[in-house]
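S.K.: This is a predicted model, with the sequence first.
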Amino acid sequence: MPSLPHLASACAALCLLGACQAPVPKPTPTPDGAGVPVAPPAATGPVADASDSSDAAVDPDTLPAINCGEGRMAKLMNMPESEEAHAAVIAAVGHRHIRWVHPGDAVTMDYQPGRLNVIVDEHGQIAATRCG
């Protein structure tokens, strides 16, 4: 029968071995679970020169394609949700990768930078927008 000191040293050795395990790598994002890793998007478009000190506003139409179009939504804030509002949002952002979120909706936490989330308030009006 093993003695208590032998059991204690065996348990300590097992704990030390368990702590030596390599960390588990974070999963690589895949499009729609296809199993093929996706490289992070690279920035496109002109790069601002460090000597450029102009305070000009950013034109949303010149933003990279990865942008969801959130900057183009200001004129549609507080618009009641309707078929016309859906069409206006699509026309404003130039794509159909849009998720409409209503009060109480369950929303997945998967981040898709090109997707526009349109948040509708309890009065049925467009209250906010976010990329993702």
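M.R.: Good, I have the coordinates.
S.K.: and stretch 71-79, how far apart are its ends?
M.R.: End-to-end distance of stretch 71-79 (C-alpha to C-alpha, to the nearest Å): 16 Å.
S.K.: So which bits of it are buried?
M.R.: 71, 72, 73, 76, 79 (16 or more other C-beta atoms under 10 Å). (Glycine included, C-beta is placed from N, CA and C.)
S.K.: repeat for stretch 114-131
M.R.: Quick answer for stretch 114-131 (16+ other C-beta under 10 Å): 114, 115, 116, 117, 118, 119, 120, 126, 129, 131.
S.K.: May I ask which two of the residues you listed are separated the most?
M.R.: 114 and 120 (20.4 Å; C-beta to C-beta).
S.K.: any chance of the buried residues of stretch 71-79 in JSON lines, plus distance to residue 92, pLDDT and secondary structure?
M.R.: Shown next, in JSON lines, are these (distance: C-beta to C-beta, whole Å; pLDDT from 0 to 100; DSSP: H, G, I helix; E, B strand; the rest coil):
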{"residue": "71", "distance to residue 92": "10", "pLDDT": "91", "secondary structure": "helix"}
{"residue": "72", "distance to residue 92": "5", "pLDDT": "93", "secondary structure": "helix"}
{"residue": "73", "distance to residue 92": "6", "pLDDT": "94", "secondary structure": "coil"}
{"residue": "76", "distance to residue 92": "6", "pLDDT": "96", "secondary structure": "helix"}
{"residue": "79", "distance to residue 92": "11", "pLDDT": "97", "secondary structure": "coil"}
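S.K.: The residues you listed into CSV, with extra columns for distance to residue 93?
M.R.: Below are the buried residues of stretch 71-79 laid out as CSV (distance: C-beta to C-beta, whole Å):
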residue, distance to residue 93
71, 9
72, 6
73, 7
76, 10
79, 14
